[in-house]
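Enquirer: Whatever this is, show me its structure:
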Amino acid sequence: MTTDLAVFAKEKGIKYFMVSYTDLFGGQRAKLVPAQAISDMAVDGAGFAGFATWLDLTPAHPDMMAVPDPSSVIQLPWKKDVAWVASNCVMEGKPVEQAPRNVLARLIAEAAKEGLRVKTGVEPEFFLLNAAGDAVSDPLDNAVKPCYDQQAVMRRYDVIAEVCDYMLELGWEAYQNDHEDAIGQFEMNWKYDDAMQTADKHSFFKFMMKSVAEKHGLRATFMPKPFQGLTGSGCHAHISVWDLAGKKNAFSDDSKELGLSDRGRTFLGGIMKHASALAAICNPTVNSYKRINAPRTISGATWAPNTVTWTGNNRTHMVRVPGPGRFELRLPDGAVNPYLLQAIIIAAGLDGIRTNADPGKRHDIDMYTQGHTVKNAPKLPLNLLDALRDYDKDKTLKAMMGEEFSAAYLKLKHQEWNSYASHFTKWEHDTTLDI
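Expert: Numbering: from 1, shown residues only. Predicted structure coming up:
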């Protein structure tokens, strides 16, 4: 659907547009544009200095223009005179190849050449903290096993219900909300959609969740592991692939194992084949590796993978196939870039289809208690540096994601790692002082 933004503004009473793009680190950047100026912005874009955000650009680069995609426009349900619109980054008339939304758009086009339309749903987990961000917002939320806690979710009813009401108003077909496995942790779900639409909604959801939490004097965080000993925040992705008309599920075949078609199996094979490199995108921060390689949490399980294995309907593996025609990737965490998550899934899956990749043996054991019995299954990277090295070695995946993007991402993420490695910690003092 194409929308004339000036007409949209007039019909909806919009005074300002947030012309927004997402940088390599998942940061959302925007300019607030008066509705009277949106017609020009819709053609030429809003100007940004790319170096001022997390993109591999210099102060000497020309203006980077964020050209709004009118089909993505959303009227803010909590501030009706403002609309948010996702944008594509352009410089001197050409797409900025490293910009995450552009990376995803190119891979969606690649999938279309194969006659495929990728649909995904995401399950973003998050914590509601006090305004300072140093403790969960509800002091009564202190159970050892708090998952699905009825009283705890109702004590945060005002925030959760407000956001869910907004999703329903926006037509996202929200269908459930719950308290998750850590104290202060929640998850909200809406219907799956085409990969770009899911990425835009995921991006907007994070903005909306943070904004509504702030309105209530709280702080929402999608940090993978904000508290030691508590379950971290994942962002599981449910993946299916359809024909271009979106009518026939190309992954579904009732005659096959778990109802997953031969093509779906090779797509899964691509995910398994590139899993260690996927971690660099799906688990993009230093903190991410406190989640996927965590010891058992207070609740009894981390609910996160640490080994490259797949299964049927079993949540202890990196990938599970919970029903015919789809599978769930449990690797990504709350810090994942909404656009790069979708892009890396498509890139790995397409390579799997093109190379007829075999996902390997299916395991149905409890990986948390019997994982040591699985031989020859790769372990996921132990830290961000290992993940970046695995991504750098994966020449096929780097090319699929785009060489310009890959070089920029690796450069900036290595800088982030080096900054972390040079940081002095209390742990060093406590363990080394008397040596």
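Enquirer: Please give me every residue in contact with the nearest residue to residue 273 once chain neighbours are set aside.
Expert: Leaving out its chain neighbours, the residue that sits closest to residue 273 by CB to CB, 6 or more residues apart in numbering is residue 357, at 5.0 Å. C-beta: built from backbone N, CA, C; applies to glycine. With contact taken as CB atoms under 8 Å, 6 or more residues apart in numbering, residue 357 is in contact with 266, 269-270, 272-273, 351.
Enquirer: For those residues, name the two members farthest from one another.
Expert: 272 and 351 (11.3 Å; CB to CB).
Enquirer: and the strand or helix carrying residue 205, what does it pack onto?
Expert: When elements are assigned from DSSP states H and E, residue 205 belongs to helix 195-215. In terms of contacts (3 or more CB pairs under 8 Å, 6 or more residues apart in numbering; DSSP states H and E), helix 195-215 is packed against strand 28-34, strand 82-91, helix 100-113, strand 117-129, helix 157-169, strand 185-190, strand 219-221, helix 338-354.
Enquirer: Return the most buried member of those.
Expert: Ranked by mean neighbour count, the helices and strands packed on helix 195-215 are led by helix 338-354 with a mean of 26 (mean count of other CB atoms under 10 Å).
Enquirer: Please pull up the helix or strand immediately following it.
Expert: Next in sequence after helix 338-354, counting helices and strands by DSSP H and E, comes helix 367-370.
Enquirer: how far out from the middle of the chain is that following helix?
Expert: When distances are taken as CA atoms, centre = their mean, to the nearest Å, helix 367-370 is centred 26 Å away from the chain's centroid.
Enquirer: which outside residues touch it?
Expert: Contacts with helix 367-370, where a contact means CB under 8 Å, 6+ apart, come from 296, 301-302, 305, 307, 309, 316-317, 374.
Enquirer: what's the closest of those to residue 87?
Expert: Of those, the one sitting nearest to residue 87 (CB to CB) turns out to be residue 305, at 33.9 Å.
Enquirer: Not counting residues beside it along the chain, what's closest to the closest one?
Expert: In space, not counting the residues next to it along the chain, residue 305 is nearest to residue 318; the distance is 3.9 Å by CB to CB, 6+ apart.
Enquirer: Low-confidence bits of this protein, can you list those?
Expert: The model of the chain has pLDDT under 70 over residues 1-2.
Enquirer: on that earlier part again, just among the contacts of helix 367-370, which is most surrounded?
Expert: The most crowded member of those, judged by other CB atoms under 10 Å, is residue 305 (28 neighbours).
Enquirer: hang on, the earlier thing: now the helices and strands packed on helix 195-215 as a markdown table including distance to residue 435?
Expert: Shown next, in a markdown table, are those (distance: least, CB to CB, whole Å):
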| stretch | distance to residue 435 |
| --- | --- |
| strand 28-34 | 44 |
| strand 82-91 | 50 |
| helix 100-113 | 44 |
| strand 117-129 | 36 |
| helix 157-169 | 48 |
| strand 185-190 | 38 |
| strand 219-221 | 36 |
| helix 338-354 | 41 |
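Enquirer: Out of those, which gets nearest to residue 11?
Expert: With distances scored as CB to CB, the stretch of the helices and strands packed on helix 195-215 nearest to residue 11 is strand 82-91 (11.0 Å).
Enquirer: pretty sure residue 121 contacts residue 194?
Expert: No - contact status for residue 121 versus residue 194: not in contact, 10.9 Å apart, counting by CB atoms under 8 Å.
Enquirer: And the residue nearest to residue 273, its phi and psi?
Expert: Backbone torsions for residue 357, taken as degrees, to the nearest 10, come to phi -70, psi 140.
Enquirer: quick one: residue 66 from residue 225, how far?
Expert: According to CB to CB, to the nearest Å, residue 66 and residue 225 sit 32 Å apart.
Enquirer: okay, the two: which has more neighbours?
Expert: Neighbours were counted for residue 66 and for residue 225 using other CB under 10 Å; residue 66 has more, 28 against 25.
Enquirer: Just grab the bridge partners of the more buried one for me.
Expert: Beta bridges link residue 66 to residue 46, residue 89, judged by DSSP bridges.
Enquirer: ok, residue 142 touching residue 184?
Expert: No - counting by CB under 8 Å, residue 142 sits too far from residue 184 to count as a contact (9.5 Å).
Enquirer: now the helix holding residue 205 and helix 100-113, what's the angle there?
Expert: Angle of helix 195-215 versus helix 100-113, following axes from the mean of the first three to the mean of the last three CA atoms, to 10 degrees, is 150 degrees.
Enquirer: distance between helix 195-215 and the chain's centre?
Expert: With CA atoms, centre = their mean, you get 11 Å for helix 195-215.
Enquirer: Pull out the CA atoms of that helix and give them to me as CSV.
Expert: This file holds the C-alpha atoms of helix 195-215, laid out as CSV (Å, rounded to 0.1, in the frame of the first residue of the first chain):
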residue,chain,number,x,y,z
ALA,A,195,9.7,-9.8,6.7
MET,A,196,9.9,-6.0,6.1
GLN,A,197,6.5,-5.3,7.8
THR,A,198,7.6,-7.4,10.8
ALA,A,199,10.9,-5.5,11.0
ASP,A,200,9.1,-2.1,10.9
LYS,A,201,6.6,-3.3,13.5
HIS,A,202,9.4,-4.7,15.7
SER,A,203,11.3,-1.3,15.4
PHE,A,204,8.1,0.6,16.3
PHE,A,205,7.2,-1.7,19.1
LYS,A,206,10.5,-1.0,20.9
PHE,A,207,9.9,2.7,20.5
MET,A,208,6.3,2.4,21.7
MET,A,209,7.1,0.2,24.7
LYS,A,210,9.9,2.5,25.9
SER,A,211,7.6,5.6,25.4
VAL,A,212,4.7,4.2,27.3
ALA,A,213,6.9,2.9,30.1
GLU,A,214,8.4,6.4,30.5
LYS,A,215,4.9,7.9,30.6
